[in-house]
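*Asks:* Turn this into a model:
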Amino acid sequence: MQKGKKRKLRPAQHQRKPGVESTMKPEPVYDNPEVRGNGKLKDKVAFITGGDSGIGRAIAVLFAKEGADVVIVYLSEHGDAKDTKAIVEETYGRQCYLIPGDVSKESFCISAAKRAIKKFGRVDVLVNNAGVHFEADTLTELKTDNLLTTFKTNIFSFFWLTKALLPYMADGSSIINTASVTAYRGSWHLLDYSATKGAVISFTRSLSANLADKGIRVNAVAPGPIWTPLILSSFKPGDVATFGSDTPLKRHGEPVEVAPCYLFLACNEDSSYITGQVLHPNGGDIING
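*Replies:* Take a look at the predicted model:
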């Protein structure tokens, strides 16, 4: 990452967790109406955690544009979830099934999987995307409760949901896990978050080998600084104002700029020979891996 003085890109602001997209200034860009769908996911069923807002919303909208019905799992942001459902159904004419609840609990993950299967009978694309982080300037300031919540949400839920949905995924299905640039370069104030994202990379590579004989591809996307409610609800207002300005592109990314990575990995016609890999929409951050 490039060093130097950070440039203010937007108003300083903060929200309580988990954050609400509709009150962000400016609101994230989740769709480009000028780009038309091509039926790449026609009649597929996609299961997306954290799909109410941010990157998850952009994925849900793009998948619907490409012909998929979507299941959205989210914590408690009912307004954002209803807005996403309206976009999927009214703008792109696909079904959107909302399941609110806490993916940091295994019992809920199992229940959500059962509800999705009862509704659609199968899952063709699983996007493990839900995530949380808490700032801690030093290791001694890292609270155990926050540490456990971060691991349960960011990596344990990936295991629990994948395990519950695998019996209903067939040859040609795709699993896509959301990692982060911090898995590769670390983050001095997000120690536990970075550790979970490193675990996501290892989980992705290991599971891809485990499921290769079943014809199920497993890949990951490792975004850089993307403008989402997670940012406002995690960082100090001053840091929010300059968020992303230290990348080579000198700005944050928008969710609409990340979602095509997920579409590429979900589409068998585009990525049939790709498994165990990671895509890096990160504004030019130089990393290894």
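
*Asks:* For the longest helix seen in the chain, give me every contacting residue.
*Replies:* Longest helix in the chain by number of residues (criterion: DSSP state H): helix 191-211. By C-beta atoms under 8 Å, 6 or more residues apart in numbering, the residues outside helix 191-211 that reach it are 128, 131-134, 136, 139, 142, 146-147, 150-151, 154-155, 158-159, 162, 166, 175, 177-180, 182-183, 186-187, 217-220, 222, 275-276, 278, 289. Every residue, glycine included, has its C-beta placed from N, CA and C.

*Asks:* Now go through those and say which are in helices.
*Replies:* Using DSSP H, the contacts of helix 191-211 in helices are Asn146, Leu147, Thr150, Phe151, Phe158, Phe159, Thr162, Thr182, Ala183.

*Asks:* Can you tell me which of those has the most neighbours?
*Replies:* The residue in the ones in helices among the contacts of helix 191-211 with the most neighbours, by other C-beta atoms under 10 Å, is Phe158 (27 neighbours).

*Asks:* in terms of contact, does that one touch Ile176 like I think?
*Replies:* No - counting by C-beta atoms under 8 Å, Phe158 does not reach Ile176; the two are 10.6 Å apart.

*Asks:* Count the neighbours of Lys25 for me.
*Replies:* Here the number of neighbours of Lys25 (other C-beta under 10 Å) works out to 9.

*Asks:* excluding its backbone neighbours, what's nearest it?
*Replies:* The shortest distance from Lys25 to any non-neighbouring residue, by C-beta to C-beta, 6 or more residues apart in numbering, is to Pro11 (5.3 Å).

*Asks:* what do you get for Lys214?
*Replies:* Asp171 (6.5 Å).

*Asks:* go on, Ser180?
*Replies:* In space, and not counting its chain neighbours, Ser180 is closest to Lys197: 4.1 Å by C-beta to C-beta, 6+ apart.

*Asks:* Distance check, that neighbour against Tyr184.
*Replies:* Distance, Lys197 to Tyr184, using C-beta to C-beta, to the nearest Å: 9 Å.

*Asks:* Check Asn38 too.
*Replies:* Note on Asn38: its distance to Tyr184, by C-beta to C-beta, is 32 Å.
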